[in-house]
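S.K.: predicted coordinates and the sequence they were generated for:
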Amino acid sequence: MKADLPRVLLAGDRSSCGKTTIVAGLLSALLGRNLDVQSYKVALDYIDPSYHTGITGRWCRNLDGHLMPEKTIREIYAHAAEGADVAVIEGVRGLYEGYDGDWGSTAQIAKMLKSPVILVVDARSITRSAAALVKGYIDFDPNVEIKGVILNKVGGERHAKKAISAIQDHAGVEVVGVIPRDESMHLSMRHLGLVPMLEGERRHTGFAERLAKIREVVEEGLDIDRILEIAAEAESLDAPEPDLYVPSSEGEGVRIGVALDEAFNFYYRDNIELMELSGAEVVPVSPIHDSTLPEIDGLYIGGGYPELYAKDLSENRSMMASIKKAHEEDVPIFAECGGLMYLCEEIEYDGESRPAVGLVPAKTRMGGRRIVSYTEGTFLRDCSMGPRGAVFLGHEFHHSELVLDDGAKVEYAIRLQRGTGIEKGMDGIVEGNMVASYNHFHGASYREFPLHFIKTAREARDK
């Protein structure tokens, strides 16, 4: 494993300061210099990493200090960094925002990985106040090494000069980039954040041109040579002993289908790689474009935006019938958030209701609030996702809700000690070898997944 390579972490002074767009442009610019760039995203997020991966050609990895111990954070970092020339880490929210104090924050990851930080500041309408803001961030935690500032949403040359002078005079840190206010720098948004990279490439006219424009603006506005120098100044890191990425033969001969298309593309790369490291074969499946399931022993339907593709999904009746048949044949199915929605009887969105698979006796519709939360839970019974009594940390991230059919009786596999779930803290509707939940799992935190799922798939096949 390669832990000791140049690295830099771009953090925000707040949410929506523009760091994702700037990171996307920086990754593209570094790639244009023939550098092999490995990216990371702090916290459990799917959409920002999809941009990183699409730009660099290397899988972006998530680093979450609440869900993962420091040893695991370092192992994920070192494992992904193998063969890279430089690492770029994108923070989450404001630099110091965490689950509990420092815990789960971008600052925590910066300290764990001894990474220099470049602070992205939303400088709209401030100049001298920007210096006070930056100085406050520097003084707040002296163990966080803020080595540079990028001013974003700057109104013009005069604005930039005044802010740069104030920051250098009063905060004692250099400004390594100025990005102007520019509508072309905005990536498309919707109710759960940015449009995922895969969907943007396939469905949105002008998407590639927008990314090219972002690279152009970022290359012009950032001192990329200085950013690379800051990355090279990162303190030495030792590679950890492997504990997570350990090959085995437990999955040999097992084929796991993974739903992957415009509707379903929220997956942590580590979950898929852990399946592959067990010896299992991962088989991509498109509920939109494929007519039936291939020969598989288990099916994993991840998150995404099935509500936006409800018409395409509902018209693929042969695929829905194939999934129902697989369930009847006891093939384990894990449906995660968007997958849960797809397994319901109907998906209601924007005034229209479309038929879905029908394994969950409910319809799903857009809810009145956006649920974004870490979760803590316990398995109440043995199921394809874990044994009774197993505990986990995870997260939920959705804007939909389930409306169970009148009189419908469902069994739940999970009780949440923290989180919302499907209803009253209960989650994971279970029926046979199917588990359908709002909860998202990460195999670096909940170690039963995916090996327990693969074990269940093998046993069901060999009955």
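M.R.: Here it is on my side, so go on.

S.K.: average pLDDT across stretch 60-75?
M.R.: Per-residue pLDDT values over stretch 60-75 give a mean of 97.

S.K.: start and end of it, how far apart?
M.R.: End-to-end distance for stretch 60-75, by C-alpha to C-alpha, to the nearest Å: 14 Å.

S.K.: now do the buried residues in it.
M.R.: Across stretch 60-75, burial judged by 16 or more other C-beta atoms under 10 Å covers 60-68, 72-75. Bear in mind the C-beta positions are built from the backbone N, C-alpha and C, glycine included.

S.K.: which ones among those lie within helices?
M.R.: 72, 73, 74, 75 (DSSP state H).

S.K.: so who does the first one touch?
M.R.: Counting by C-beta atoms under 8 Å, 6 or more residues apart in numbering, residue 72 touches 243, 244, 444.

S.K.: so residue 165 lies in a helix, does it not?
M.R.: Yes - checked against DSSP: H, G, I helix; E, B strand; the rest coil, residue 165 lies within a helix.

S.K.: and it, how many neighbours?
M.R.: Using other C-beta atoms under 10 Å, residue 165 has 14 neighbouring residues.

S.K.: residue 222 reaches residue 175, doesn't it?
M.R.: No - Residue 222 is beyond contact range of residue 175, at 10.2 Å (criterion: C-beta atoms under 8 Å).

S.K.: now the common contact residues for those two.
M.R.: Listed contacts common to residue 222 and residue 175 are residue 150; contacts here mean C-beta under 8 Å, 6+ apart.

S.K.: which of those two has more residues huddled nearby?
M.R.: Neighbour count, other C-beta under 10 Å: between residue 222 and residue 175, residue 175 has more, with 25 against 21.

S.K.: so what sits opposite that one in the bridge?
M.R.: Assessed by DSSP bridges, residue 175 has beta-bridge partners residue 149.

S.K.: shouldn't it be in contact with residue 146?
M.R.: No - with contact defined as C-beta under 8 Å, residue 175 does not reach residue 146; the gap is 11.8 Å.

S.K.: closest to residue 438 out of the buried residues of stretch 60-75?
M.R.: Lowest distance from residue 438 to these (C-beta to C-beta) belongs to residue 67, with 16.5 Å.

S.K.: that closest one: what's it in contact with?
M.R.: Counting by C-beta under 8 Å, 6+ apart, residue 67 makes contact with 44, 374, 393, 394, 395, 442, 444, 445.

S.K.: who's in contact with the first one?
M.R.: Yep, that's residue 44 we're talking about. Taking C-beta under 8 Å, 6+ apart as the test, what residue 44 contacts is 62, 64, 67, 268, 395, 397, 440, 442.

S.K.: closest to residue 252 out of these?
M.R.: The nearest one, if we look at the contacts of residue 44 relative to residue 252 and count by C-beta to C-beta, is residue 268, at 22.8 Å.

S.K.: that closest one - how many residues pack around it?
M.R.: Neighbour count for residue 268, taken as other C-beta under 10 Å: 23.

S.K.: any idea how far it is from residue 332?
M.R.: 19 Å (C-beta to C-beta, to the nearest Å).

S.K.: same check, this time on residue 4
M.R.: Taken as C-beta to C-beta, the span from residue 4 to residue 332 is 41 Å.

S.K.: can you check residue 349 too?
M.R.: 28 Å.

S.K.: which parts of the stretch 251-400 of the chain are strands?
M.R.: For the stretch 251-400 of the chain, the strands defined by DSSP state E, counting those that start in this stretch cover 255-259, 264-266, 281-285, 298-301, 303-304, 333-336, 344-349, 352-355, 360-379, 391-404.
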